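Q: Predicted coordinates and the sequence they were generated for:
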Amino acid sequence: DGPSTAGWSASARTALVAGLLEAVGAFRDPRAAGVLLAALEVASARDVDVVRSAVEALGKLGDDAIAARLTAAATAPGLKRDAVLWGLGYCRRFVCAEVLASAMATEADPEQARRLARALGDVGNSWVWPTVTDASRGEEAAVRSVAAAVLVDAFARWDHVIVRTAAANAVLVVDAPSTPALLEAALPRAVGADARAQVLALQARFENNPVRR
């Protein structure tokens, strides 16, 4: 029932649709699932913002059926897969964390690895988990643990500043109890000339993080 978009540019229409999907997702109303799934289905791989917004909105519903649909979309071959992965962190379920961890462990492109690190930070976000009230609440420890493990591995494995920066930031956000042990184990296998110093610096940041819960 909104105004006509006739004469709008493609980018303007995409921004409107993505914004509407984000607004619908904020309500966390299960009645919106059909519309959100349809938006995800019809969006083209070029409509990255629309795909990501639809996935994020669906992720906020977070029930078993939605988690299954999103993980299927995130593991299906095709150009849309990457955009689905970027928004998957908003579905805070263990199956989604596993899919993101698997993608991160095998990713070779720095830009995609950076985005995956951010998604893993979202799925394991220690500040958001206390607000989760549905059945997924019991999966917090497992989700944060698997996110922390693959993020620390990526931090040690990648000798690339944008990936290491994103992974380090996500490690601090996830704030998993297992992180100190993971960082200690990562020291011998860190890649790069100053890799050991980088891991030691992240250990110090983690221990002295002023916003830790």
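A: Done, it's in.

Q: Quick check: which ranges of the protein have low pLDDT?
A: 1-2, 135, 211, 213 (pLDDT under 70).

Q: what about the helices in it?
A: 10-26, 33-42, 48-59, 64-75, 81-87, 94-106, 110-123, 140-157, 161-174, 179-186, 195-207 (DSSP state H).

Q: would you list those in CSV and tack on distance to W129 and mean neighbour count?
A: (Each C-beta comes from the backbone N, C-alpha and C, glycine too.) Shown next, in CSV, are these (distance: least, C-beta to C-beta, whole Å; neighbours: other C-beta atoms under 10 Å):
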stretch, distance to W129, mean neighbour count
helix 10-26, 18, 16
helix 33-42, 22, 16
helix 48-59, 14, 26
helix 64-75, 16, 18
helix 81-87, 18, 23
helix 94-106, 12, 20
helix 110-123, 10, 23
helix 140-157, 5, 23
helix 161-174, 10, 21
helix 179-186, 15, 17
helix 195-207, 18, 16
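
Q: Quick check: which of those is nearest to T131?
A: helix 140-157 (11.1 Å; C-beta to C-beta).

Q: Show me what the closest one is packed against.
A: Here helix 140-157 touches helix 94-106, helix 110-123, helix 161-174, helix 179-186, helix 195-207, going by 3 or more C-beta pairs under 8 Å, 6 or more residues apart in numbering; DSSP states H and E.

Q: Can you name the residues in contact with that helix?
A: Applying C-beta atoms under 8 Å, 6 or more residues apart in numbering, the contact partners of helix 140-157 are 92-94, 97-98, 100-101, 104-105, 113, 117, 120-121, 123-124, 126, 129, 132, 163-164, 167-168, 170-171, 174-176, 178-179, 182-183, 186, 189-191, 195, 198-199, 202.

Q: Can you pull up the most central residue in this structure?
A: By C-alpha atoms, centre = their mean, the chain has its centre lying nearest to A119, at 1.5 Å.

Q: ok, for it, nearest residue in space, not its chain neighbours?
A: G89 (3.7 Å; C-beta to C-beta, 6 or more residues apart in numbering).

Q: likewise A186?
A: A156 (4.0 Å).

Q: Check the gap between the one you found and S102 for me.
A: 18 Å (C-beta to C-beta, to the nearest Å).

Q: Check A167 too.
A: For A167 relative to S102 (C-beta to C-beta), the value is 16 Å.

Q: again with D159
A: Taken as C-beta to C-beta, the span from D159 to S102 is 22 Å.

Q: ok, now N125?
A: On the measure of C-beta to C-beta, N125 and S102 end up 19 Å apart.

Q: got it, and G34?
A: G34 is 29 Å from S102, by C-beta to C-beta.

Q: now swap in L182 and tell me
A: 17 Å.

Q: again, but for L36
A: In terms of C-beta to C-beta, L36 sits 24 Å off from S102.

Q: E22 touches A54, doesn't it?
A: No - E22 lies out of contact with A54 (C-beta atoms under 8 Å); the separation is 9.4 Å.

Q: ok, the residue nearest to M104 when sequence neighbours are not counted to E207 distance?
A: Nearest residue to M104 in three dimensions, chain neighbours excluded: L116, at 4.5 Å (C-beta to C-beta, 6+ apart). Distance of L116 to E207, computed by C-beta to C-beta: 25 Å.

Q: Please report the distance of D64 from D134.
A: 10 Å.
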